[in-house]
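Trainee: Need a 3D model of the following:
(chains A and B)
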Amino acid sequence: MTGRARARSRGRARGQETGAPGAQPPPSEEAARPVPPPSAEGELVGRGRQRRAPGAVASEALLQISAGFQQVKIGERGGRRRDFHDAGVHTRQLMEHVKESKTGVSGSKIELRANFMRLLSRPQWALYQYHVDFKPPMESRRLRSALLFQHDETLGKARTFDGAILFLPHRLHNTETVLCSETRHGERVQITVTLTNELPPSSPVCLQFYNIIFRRILRMLNMQQIGRHYYNPDDPLNIPQHRLTIWPGFVTNILQYESSIMLCTDVSHKVLRSETVLDFMYNLRKQCGDQRFPDACTKELVGLIVLTKYNNKTYRIDDIAWDHTPNNTFKRGDADISFKDYYKTQYGLDITDGNQVLLVSEVKRMGPSGAPPPGPALLIPEFCYLTGLTDKMRNDFNIMKDLSSHTRLTPEQRESRLNRFITNISRNTEAQNELSTWGLSFENKLLGLTGRVLPAERILQGSRTYDYNPWAADWSKEMRGLPLISSMPLESWLMFYTRRNSDVAQSLLQTLNRVSGPMGIRMQRAVMIEYEDRQESLLRALQQNVGPDTQMVVVILPTNRKDKYDCVKKYLCVDCPTPSQCVVSRTLSRPQALMTVATKIALQMNCKMGGELWSIEIPLKQLMIVGIDCYHDTAAGKRSIGALVASLNHGMSRWFSKCVLQSRGQEIIDGLKGALKGALKAYWKYNNCLPSRIIVYRDGVGDGMLQSVVNYEVPQIMQSIKTMGEDYMPKLTVVVVKKRIASRFFARIDGKLTNPPPGTVIDTEVTRPEWYDFFIVSQAVRCGSVSPTHYNVVFDNSGLKPDHMQRLTYKLCHMYYNWQGIVRVPAPCQYAHKLAFLVGQSIHKEPNINLDDFLYYL
Amino acid sequence: MCRNGSDRMAALFSPPLYLQRYQFVIEYVKRFIPRKVIDLGCADCGLLRKLKFHRNAIEVLAGVDIDCAALRERVNALAPLTIDYLQPSPRPLTIELYQGSVTEREPCTQGFDLVTCMELIEHLQLWEVEGFSNVVFGYMNPCAVIISTPNVEFNPLLPGLRGFRNKDHKFEWTRAEFQTWALGVCMEYGYSVEFTGVGVAPGQNRDVGFCTQIAVFQRDAGVSNGPVNNAVQMEPTVYRLLYRVVYPSLCDNNIFQRTLVCQVLYRAESLKREFELGEQSMQSDLTACAHSLPPDVVAGSTVVYRHRSHVFVPLQHVWTDPKVQALCGNIHRLRQALMDDSRVQLDTDRDAIILPDEGEEEEDEEETGECEEGNLTPSPVVDNSEEDWETEIG
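Mentor: Okay, the predicted model is just below:
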């Protein structure tokens, strides 16, 4: 396969580990090589996170959380913060069969190292929470701090005060201490400090508190905060040809893990650009001309995050104010002031281009002291610097390649970066002082733990079975020359090509013929149709030639331009439901690779028409596996698309797929309820019975969204099942699948630090005590560090043993037909991802229901 | 010094008086372009933060206050911004904060171009003022000093005010008192002074003067306590250094080199791209054209050309980029700077930048991809055809 195809086919989800930050999948080269599913969460900040649940649910969830916190939330500088770690969601206690143990037993033991460090504290360590009252009351938070901190000798050096609540690492002599301070202009203020709580080390407030302390430490190490993470500005990596600057940094969080409180830290990279939005606009205008500029500009910029020249805040561009320039004025106090004058007087900054249009950013942050958000901010392009990548850059193979060569780290490189970070903290006296005044320290080595490597699976293909090399986790070689489980004969099919590609089309046709025989695919000669290299003429050719009997349409595209691909897919998925296969001519241009490419195309075509490739043993009967994922279209009206894919047979080789477009303010699951019902009906149609167990793998749950899955989605799923009949009560399991996680595991093999082998399961130490969760490293990566996938069983009345749950999950990672190997998530999640992505990127409409029983979107 | 004390004046002045005082200093800095500025009694560093943005040519910005809690609180606001790293300034900037008293002599405070001392002296005891004058004018001996203090004559116009404007004030001077003191200082230490102020009285009460009176002192030409060696970075002996930050700037050789190389390579790469696009369009026009010239034709060429598997971009072309020009000044300096940099490859004549021609190199991953398969003995394949998990469910 070509590297390009690999980079592209990976889907919106990030590429192998950090490498390709959010590589876009192949609009038009799908055939080149079916590629393993998205592996890691990009460490580079991605786009399209799921938004919060609708109002009611969210506030209810919040209430519960804060009740657990004794109504306390501390923020750095008094800000509000979202709970990104889903703390306070206690699902395990409700599942009888995993209360005692949630660990599996299968497989061989393996010694691993994880990117975790234990937090150590003095014995009997506790955090003392005080309420602080001022008489007379003081408005300004800063003033309150200043007044309180006049009493160093009483309070000690270690303290955290957010304006009302004071935390100390030690107990004051009395439960109530009265202090007197004086303001600068001589007003006497009485301060009452009352003990309200003694917090044990693992209390949620303490955990929040550790994170705040750790952020202070990162600042002491001279790291810059951008968004949620910290980066080191002194050692940038530059990719001059694309004007990119990469800052290495760390994602950190301190949480209560299975047996101890630990710091989880992973290497992260921030992509910054050394050009302003104005520079970017100039270049864009030069490239696409005045006419197309406004459209192109909106498309490229909306959704991007910018940094401003005069403060350290980041803003998301939500719109462009085409009718505003720096000469426009805004109200400042009572007077009107122009943007130009404002920046001059406030920051001494001169605006050189008085005609630039302004950027609009909706400020979500609350105003001072809980006031409503101040409304949209208008920003000057000349003072804004872009961060992250545009969609166009993500699609640029060369950029992604250069980027991943910098950001992709081998396990050894990753470990040494983490170790250097640990050393830096332990050598920095200021940081050590901060920690020791609070009586805290970190174990200065990475956590060692034991995992298990699940045995490799045997692949069943019709009457034949074979094994694969467990390290490669790939069986493309092994399946060569073997007949598929079932194949659809190709009797009536069409191939479209442009004149320039007529040779390529012919050789593809011949090669397809050659490779399809051994696989058991009977193939008649295709009807060859030439089209002119224009979108309208391609569409006309499709309309004139594709009929109700057409089984398959192959289109050879001259370039990887997205519009033609979209046009083919739109027509053949919505208006005229027919399986289709697009190939970019370039993919076929190398004769020596043609066999490989044609084999993959033949397999893919077969799947799209309803053929089955291989299977594995599933020791459960009457089982339906459901995969759910969603795609967030950030640019086009922020619409989300949900996809549900459900198995229809025991061999997990037939699937029902449904995609719904979510309307504004609606939850994904509302639309998918109908899809689940459809899936159950389809199951009935194929099996003459309903499944007795349903296992739902829910992907695409953002940080901080877990509560809404548990409280809202699970009941909705149950309700949907209920509609099949009052007495129908299948066993139900709901598993939240997460790819974007900071946890990493390393194995030491032959004295060398490597990735853990595929099939490695981790279900101790680094899991969370309040969850029934585990990690699986399922895929093999060729370069960089592998990303484990986190599985969190949030609901389970099946009684299935944890060991079987883990093994079933791993087995399902073998069943993605677009990749002859093991993928990162269970196949239905990967299918759902692919479907949602196709609809979100190209079709923008619900596909025709006649296609529901086929994997037409592969 | 006291922002908080100005509550009752807030209604009277717009913008608020403290901002007017800051603005006064900013205007002064704009006119006289000092390089080293020290703010005595910097409190919450408000003026320093302003000057950081309106720095003109300021290279050293220092602050002194006796209250270290106030300083600590706002230290983060003086740290470089993310953008300061992304776009290093051409000029250096160092910010230092000291804890100490303005009546003590501290070697670090010598050699400044401008000393600002806003709303400070009235917090000293009257008997300390002479010592203060001696330290600031006699010892620190800067080129210029700006001192502001309340004008007590203005007080009757402040609603509801009894006594001094702030409880901590030990005295408040009339214009005459202030001027007498200032002229005395000039006599003794060789300065000249001008009086002005901010905060104009409303209506017809012009004769009370400004709300804040300001004296701007200039050291008389040729009068100096001898040269101060700026080059030596002194550690404070009396004061305590609380914070010191050196902003990234192009004066740092590494940063300069990095910035230059980035700009040069960006320019060179875009020239290469243009060249390749030109080539492609020629090819598609089927114009017969040799796109790889023999080396002898090529030497000293001023156009982008391809030779073997490399693209050569002449320095002359890179030089046309205004940003490169701004960084280097002349092309010889550019060549010199690029010569010893491992990130840039020059041809033997040092006239062109050599870039790899990576046109089609993206292809061969499959062949090389399988190199690193592990050498671990494969774990046994599970034979689970006999298994039935259903029966095991308790």
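
Trainee: Quick one: low-confidence residue ranges for the stretch 101-250 of chain A.
Mentor: In the predicted model, the stretch 101-250 of chain A carries pLDDT under 70 at residues A:184-186.

Trainee: oh sorry, the question was meant for chain A
Mentor: For chain A, the ranges with pLDDT under 70 are A:1-83, A:184-186, A:364-374, A:633-638, A:664-665.

Trainee: which strands and helices sit next to the lengthiest helix in it?
Mentor: When chain A is parsed with DSSP state H, its longest helix is helix A:277-301. In terms of contacts (3 or more Cβ pairs under 8 Å, 6 or more residues apart in numbering or on different chains; DSSP states H and E), helix A:277-301 is packed against strand A:319-321, strand A:384-387. Every residue, glycine included, has its C-beta placed from N, CA and C.

Trainee: residues near B:Cys251, how many?
Mentor: By the measure other Cβ atoms under 10 Å in any protein chain shown, the count of residues near B:Cys251 is 16.

Trainee: How about A:Ile217?
Mentor: For A:Ile217, the count of nearby residues is 21 (other Cβ under 10 Å).

Trainee: For it, identify the helix or strand it belongs to.
Mentor: Using DSSP states H and E, A:Ile217 falls within helix A:204-220.

Trainee: And the helices and strands packed on helix A:277-301: which comes nearest chain B?
Mentor: Comparing those by their distance to chain B (Cβ to the nearest Cβ), the top pick is strand A:384-387, with 6.1 Å.

Trainee: Quick check: neighbours of that closest one in the sheet, parallel or antiparallel?
Mentor: If you go by DSSP bridges, strand A:384-387 pairs up with strand A:261-276 (antiparallel), strand A:305-308 (antiparallel).

Trainee: got a list of contacts for that strand?
Mentor: The contact list for strand A:384-387, computed with Cβ atoms under 8 Å, 6 or more residues apart in numbering or on different chains, reads A:45, A:226, A:270-278, A:280, A:304-309, A:314-315, A:359, B:83, B:86-87.

Trainee: what do you get for stretch A:206-220?
Mentor: Under the contact criterion Cβ under 8 Å, 6+ apart, stretch A:206-220 has outside partners A:73-74, A:76, A:87, A:119, A:127, A:160, A:167, A:199-200, A:225, A:230, A:250, A:252-256, A:261, A:263, A:425, A:428, A:430-431, A:434-435, A:438, A:440, B:76.

Trainee: what do you get for stretch A:668-678?
Mentor: Applying Cβ under 8 Å, 6+ apart, the contact partners of stretch A:668-678 are A:626, A:628, A:630, A:640, A:642, A:644, A:646, A:656, A:658-662, A:700, A:712-713, A:716-717, A:719-721, A:723-724, A:852.

Trainee: What subset of those residues is buried?
Mentor: Those of those that meet the buried threshold are A:626, A:628, A:630, A:640, A:642, A:644, A:646, A:656, A:658-662, A:700, A:712-713, A:716-717, A:720-721, A:724, A:852, by 16 or more other Cβ atoms under 10 Å in any protein chain shown.

Trainee: which residues of the stretch 551-700 of chain A fall in helices?
Mentor: For the stretch 551-700 of chain A, the helices defined by DSSP state H, counting those that start in this stretch occupy A:562-570, A:594-608, A:668-687.

Trainee: For the last one, buried residues please.
Mentor: Looking back up the chat, that one is helix A:668-687. Across helix A:668-687, burial judged by 16+ other Cβ under 10 Å covers A:668-673, A:675-676, A:678-680, A:682-683.

Trainee: do the same with the second one
Mentor: Judged by neighbour count using 16+ other Cβ under 10 Å, the buried positions of helix A:594-608 are A:594, A:596-608.

Trainee: could you dump the residues you listed to TSV with distance to A:Glu532?
Mentor: Shown next, in TSV, are the buried residues of helix A:594-608 (distance: Cβ to Cβ, whole Å):
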residue	distance to A:Glu532
A:Leu594	25
A:Thr596	30
A:Val597	25
A:Ala598	26
A:Thr599	30
A:Lys600	28
A:Ile601	24
A:Ala602	28
A:Leu603	31
A:Gln604	26
A:Met605	25
A:Asn606	30
A:Cys607	31
A:Lys608	26
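
Trainee: so which of those comes closest to chain B?
Mentor: Minimum separation from chain B among the buried residues of helix A:594-608 (Cβ to the nearest Cβ) is found for A:Thr596, which lies at 7.5 Å.

Trainee: ok, back up a step: could you pick out which of the contacts of stretch A:668-678 are near chain B?
Mentor: Applying Cβ under 8 Å from any Cβ of the partner chain to the contacts of stretch A:668-678, one finds that nothing falls near chain B.

Trainee: Pull out the buried members of the contacts of strand A:384-387.
Mentor: A:45, A:226, A:270-278, A:280, A:304-309, A:314-315, A:359, B:83, B:86-87.

Trainee: Could you verify that B:Pro150 is part of a strand?
Mentor: Yes - checked against DSSP: H, G, I helix; E, B strand; the rest coil, B:Pro150 lies within a strand.

Trainee: picking up where we left off before, distance from the chain centre to the helix holding A:Ile217, please.
Mentor: Remark: helix A:204-220 is offset 25 Å from the chain centroid, using Cα atoms, centre = their mean, to the nearest Å.

Trainee: next one: stretch A:607-617
Mentor: The answer for stretch A:607-617 is 28 Å, by Cα atoms, centre = their mean.

Trainee: repeat for stretch A:177-191
Mentor: 51 Å.

Trainee: mind checking the end-to-end distance for that stretch?
Mentor: Distance across stretch A:177-191, first residue to last, is 8 Å (Cα to Cα, to the nearest Å).

Trainee: mind checking the SS state of whichever residue of chain B sits closest to chain A?
Mentor: Residue nearest to chain A within chain B (Cβ to the nearest Cβ): B:Lys167, separated by 2.6 Å. Here B:Lys167 is recorded as coil under three-state DSSP.

Trainee: now swap in A:Tyr857 and tell me
Mentor: Assignment for A:Tyr857 (three-state DSSP): coil.

Trainee: distance of it from chain B?
Mentor: According to Cβ to the nearest Cβ, to the nearest Å, A:Tyr857 stands 25 Å off from chain B.

Trainee: Please list all residues in contact with that residue.
Mentor: A:573, A:657, A:831, A:834-835, A:838-839, A:847.

Trainee: Pick the one among the residues you listed closest to chain B.
Mentor: Chain B lies nearest to A:Lys834 out of those, by Cβ to the nearest Cβ, at 22.1 Å.

Trainee: Excluding chain neighbours, what is closest to the closest one?
Mentor: A:Tyr857 (5.4 Å; Cβ to Cβ, 6 or more residues apart in numbering or on different chains).

Trainee: Then A:Thr723?
Mentor: Distances taken as Cβ to Cβ, 6+ apart put A:Lys677 closest to A:Thr723, at 5.8 Å, once the chain neighbours are dropped.
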